[in-house]
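# One predicted model, sequence on top.
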Amino acid sequence: YFDRAPSDSSSSSRPAADVGAARLAAADGEPGNWMTHGGTYQEQRFSRLDRINQDNVGRLGLAWTYKLDLDRGVEATPIVVDGVMYTTGPFSMVYALDARSGELLWKYDPGVTKTRARDGCCGPVNRGVAVWQGKVYVGAYDGRLIALDAATGEPVWSVDTLIDKNRSYTVTGAPRVVKGKVIIGNGGAEFGVRGYITAYDADTGKQAWRFFTVPGDPAKPPENEAMARARETWFGDQYWKQGGGGTVWDSMAYDPELDLLYIGTGNGSLWNRQARSDGKGDNLYLSSIVALRPDTGEYVWHYQTTPGDQWDFTATQTITLADLEIDGEMRPVLMQAPKNGFYYVLDRRTGELISAEKYAPANWAERVDPATGRPVVNQDVADWTQGPRLLVPGPLGAHNWQPMSFSPDTGLAYIPVQEAPAMMVPDNDATFRGKSRFQVGSEPVALPEDADTLAKTVAAYKGRLVAWDPVAQKEVWRQPFPSIWNGGVLSTAGGLVFQGNVTGTVAAYDAADGDKLWEAPANTGVVAGPVTYEVDGEQYVTFMAGWGGVFPLAFGGLAANAKVQPEARILTYKLDGDATLPEPRRRAVAVPEALPPLTADAATVDQGRDLYNDNCGLCHGFSAMGGGVVPDLRYMDGDTHKAFPGIVAGLYQDKGMPSFAGRLTPEQVEAIHQYVIKRAHDLKDSL
Ligand SMILES: O=C(O)c1cc(C(=O)O)c2c(n1)C(=O)C(=O)c1cc(C(=O)O)[nH]c1-2
Ligand SMILES: [Ca+2]
């Protein structure tokens with residue numbers, strides 16, 4: 001019953017040619033494939049395959065590995081159709097491989113300009129492709145949506161999805177295909193953009209509809225009724241200059257019976273509501289789940305998880321559909337564990353709140369009031385526009401994009417939970433500063449520079465895999481990790497939960513009680529969500545390995561307990577697999593014997609710190625502590641120090657280091673350099 005009825009045409013016809021509405025809607029009936037981002041339209045990331053199960057999972061070994069071209073963050077969920085795997089690597093490169101052997105069938109590099117990496121918050125990551133009727137769709141980091149021939153990887157069509165080249169939009173999410181339309185959003189709400197999502201005809205690339213998530217130019221009439229209603233919840237005219245936010249950068253799900261497409265929207269842009277909306281208003285449709293008609297993009301309902309968001313509390317985390325028995329009644333629900341720390345169960349027909357409870361510590365709100373469906377916000381604790389505040393969770397969230405899973409067998413959700421508090425310091429006068437700038441309405445982010453405080457902060461960053469009962473709204477078991485930023489999750493009918501983690505391993509747990517049943521090295525931190533599939537009667541489990549994303553880039557100083565080398569590789573396991581994992585690639589990371597002297601006075605170093613954190617910190621690590629993915633500047637050798645002004649002016653553009661000429665004066669570059677030299681001395685002194 002698990003295997004698809006063999007058809008004469010399927011072997012001889014073009015790859016994935018018959019992946020269409022009927023096959024996708026019934027995807028749970030053919031678990032040998034993994035045909036959509038979340039496994040099925042319900043996005044449960046649960047597989048009915050059980051050849052690999054609790055009794056034999058200890059026998060898992062590598063079936064094959066495949067090294068990706070670029071060692072940067074790997075966040076893709078592979079798609080597997082009829083024995084072929086379609087997946088992506090950094091900078092939106094697409095790979096098609098024989099799912100049995102890992103043999104490369106074709107590769108497609110969209111040629112994203114490497115310096116574009118600066119235009120996104122979290123690195124040139126990509127979360128995977130969609131497949132539909134013989135085509136493979138990828139959203140390129142620079143905003144193009146590209147259709148490839150599934151047989152050859154040749155481009156069939158390409159459209160530019162971006163509306164404004166003067167704003168830093170990027171695409172990191174996986175497209176979804178619903179009823180012949182490819183749907184893609186974008187990111188950029190840390191850079192001043194207006195969020196939207198667009199649907200394109202899957203055959204031709206012709207635009208079908210676009211839904212904006214926040215209102216547009218206040219001088220013009222609203223685009224539609226949903227925008228008219230949203231506008232009443234925004235104040236002043238700043239939001240339009242600041243972008244507004246609400247980017248749809250990751251999650252979607254679809255209910256074919258209700259014919260509703262669910263999208264998750266992101267944070268406000270700027271984060272600071274004082275600077276964005278006169279400090280008031282719900283600011284619809286930020287941090288919301290919005291239900292749309294997939295044919296037209298017409299608004300049907302919304303539920304806002306974080307009204308008036310000012311904490312980067314995106315509601316872009318996994319949207320999972322399931323049927324749950326609640327108070328004796330089967331309810332069609334939608335579940336999400338967004339950044340804000342509450343686990344939401346909604347009725348997906350109407351958006352009505354069924355329940356919401358904290359799945360992790362959260363100090364911004366007391367609880368969600370079931371009568372109003374709204375959070376009871378701790379204004380004094382959480383409103384950092386009134387002054388510096390320690391936020392729990394901070395902007396990294398109690399759960400980020402790493403996908404959660406839901407098992408209908410156990411009735412439990414499996415969530416990569418994290419504790420990542422953050423101190424926010426306001427800049428209430430912030431205004432839009434132009435493209436390619438991280439701008440949220442705060443003072444530049446800084447990490448502790450003294451060893452004791454840093455160690456305490458590192459220790460406060462805790463990660464765990466949590467099994468959550470969504471009916472009782474309570475934790476059932478947990479598996480702790482030494483840091484945050486653990487991988488996405490897969491659960492199976494074999495009673496297993498699979499997850500990679502920051503310690504550089506991949507593992508399987510007992511879905512019922514969390515006991516670890518299997519573990520294997522990955523050489524690198526694993527953040528992507530694993531998948532499982534079956535070919536010729538053999539079940540495989542694939543992890544996309546490769547350390548990256550926002551935590552190692554920006555907060556590398558807190559990743560001391562993580563396996564930070566960014567080796568990008570596909571790891572596929574089967575029972576009794578005997579392939580070997582190549583030796584980890586070692587990087588020479590020694591502080592040079594002779595460091596340039598620190599010549600600047602304290603005031604200049606302070607200026608250099610702010611300039612560094614504002615201009616360099618998001619990629620090279622705040623407070624000049626790298627996370628392994630791009631160079632940690634404290635380790636620069638003598639020649640690099642000599643070339644420093646030239647590098648900042650564009651010498652290494654081919655390596656992805658953009659030019660800051662025109663943004664920074666030579667004096668400012670020198671102040672930054674002096675700060676980096678100071679941090680190199682700090683490091684050397686601490687060894
Ligand atoms: O607001 C946005 O537009 C936006 C976009 C993205 C993205 O596209 O990757 C992230 C975030 N926000 C974000 O807040 C966040 O924590 C985050 C983590 C990551 C990642 O890939 O590691 N992306 C993003
Ligand atoms: Ca964000």
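Good, I have the coordinates. Numbering: from 1, shown residues only. Ligands and ions are numbered 1, 2, ... in the order given.

# low pLDDT regions in the chain?
Within the chain, the ranges that satisfy pLDDT under 70 run 1-12, 587-588.

# Would you tell me which helix is longest in it?
If you go by DSSP state H, the chain has its longest helix at helix 666-686.

# Name the surrounding residues that touch that one.
Contacting residues not belonging to helix 666-686 are listed as 449, 451, 591, 595-600, 604-605, 607-609, 611-612, 615-616, 623-625, 633-636, 641, 644-645, 648-649, 660, 664 [C-beta atoms under 8 Å, 6 or more residues apart in numbering]. Every residue, glycine included, has its C-beta placed from N, CA and C.

# Among the residues you listed, which are located in helices?
Using DSSP H, the members of those that fall in helices are 451, 604-605, 607-609, 611-612, 615, 641, 644-645.

# and the residues you listed, which two are the farthest apart?
Using C-beta to C-beta, those span at most 30.3 Å, a distance reached by A451 and P645.

# So for those two, which sits in the more crowded spot?
P645 (15 against 11; other C-beta atoms under 10 Å).

# Leaving out the residues flanking it, which one is nearest to the more buried one?
Distances taken as C-beta to C-beta, 6 or more residues apart in numbering place V669 nearest to P645, at 5.4 Å, with adjacent residues excluded.

# Can you give me the distance of the one you found to A600?
Separation of V669 from A600 (C-beta to C-beta, to the nearest Å): 12 Å.

# Between the two, point out the one with more neighbours.
Neighbour count, other C-beta under 10 Å: between V669 and A600, V669 has more, with 22 against 18.

# residue in the stretch 401-550 of the chain nearest to ligand 1?
Residue nearest to ligand 1 within the stretch 401-550 of the chain (C-beta to the nearest ligand atom): G549, separated by 2.6 Å.

# Would you quantify the distance from the closest residue to that residue other than its chain neighbours to ligand 2?
Distance criterion C-beta to C-beta, 6+ apart; nearest residue to G549, sequence neighbours excluded, is G73 at 4.8 Å. Between G73 and ligand 2 the distance is 16 Å, computed by C-beta to the ion, to the nearest Å.

# Check T385 too.
Relative to ligand 2, and taking C-beta to the ion, T385 is found at 17 Å.

# Now for the closest residue to that residue other than its chain neighbours: which residues touch it?
Once flanking residues are discounted, T385 sits nearest to Q274: 4.0 Å by C-beta to C-beta, 6+ apart. Counting by C-beta under 8 Å, 6+ apart, Q274 makes contact with 385, 426, 428, 441.

# mind listing which of these are in helices?
Checked against DSSP H, the contacts of Q274 include nothing in helices.

# could I get those residues as TSV with neighbour count?
Output for the contacts of Q274, formatted as TSV (neighbours: other C-beta atoms under 10 Å):
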residue	neighbour count
T385	20
P426	22
N428	14
G441	24
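
# Quick one: name the residues of the stretch 1-150 of the chain near ligand 1.
Contacts of the stretch 1-150 of the chain with ligand 1, taken as C-beta under 6 Å from any ligand atom, map to 75, 120-122, 125.

# Out of these, flag the one nearest to A174.
Once C-beta to C-beta is applied, the member of these that ends up nearest A174 is E75, at 9.2 Å.

# Now the closest one: which helix or strand?
Assigned by DSSP states H and E, E75 falls within no helix or strand.

# That one and C122 touch, don't they?
No: E75 lies out of contact with C122 (C-beta atoms under 8 Å); the separation is 9.2 Å.

# can you list residues touching both of those two?
What both E75 and C122 touch, as defined by C-beta under 8 Å, 6+ apart, is the set 172, 549.

# Looking at those two, which is more packed in?
Remark: of E75 and C122, E75 carries more neighbours, 29 against 24, as counted by other C-beta under 10 Å.

# How about the contacts made by that one?
125-128, 172, 401, 527-528, 544, 548-549.

# repeat for T115
With the criterion set at C-beta under 8 Å, 6+ apart, T115 makes contact with 653, 656-659.

# For G143, which non-adjacent residue is closest in space?
Per C-beta to C-beta, 6+ apart, closest to G143 is L162, 3.8 Å.

# Distance check, that neighbour against ligand 1.
13 Å (C-beta to the nearest ligand atom, to the nearest Å).

# Excluding residues flanking it in the chain, which one is nearest the residue nearest in space to the middle of the chain?
The centre of the chain sits closest to W401, judged by C-alpha atoms, centre = their mean, with a distance of 3.6 Å. Nearest residue to W401 in three dimensions, chain neighbours excluded: D250, at 5.1 Å (C-beta to C-beta, 6+ apart).

# Who are the contact partners of that neighbour?
127, 172-173, 185, 264, 316-317, 401.

# wait, what's in contact with the closest residue to A25 other than its chain neighbours?
Nearest non-adjacent residue to A25, counting by C-beta to C-beta, 6+ apart: P256, 4.5 Å away. By C-beta under 8 Å, 6+ apart, P256 lies in contact with 21, 25, 41.

# Look up how far ligand 2 lies from P256.
Distance of P256 to ligand 2, given as C-beta to the ion: 30 Å.

# Next, give phi and psi for that residue.
phi -60, psi -30 (degrees, to the nearest 10).

# which bits of this structure sit near ligand 1?
Checking the chain against ligand 1 by C-beta under 6 Å from any ligand atom, the hits are 75, 120-122, 125, 170, 172, 187-190, 247, 249, 266-267, 312, 314, 396, 400-401, 549-550.
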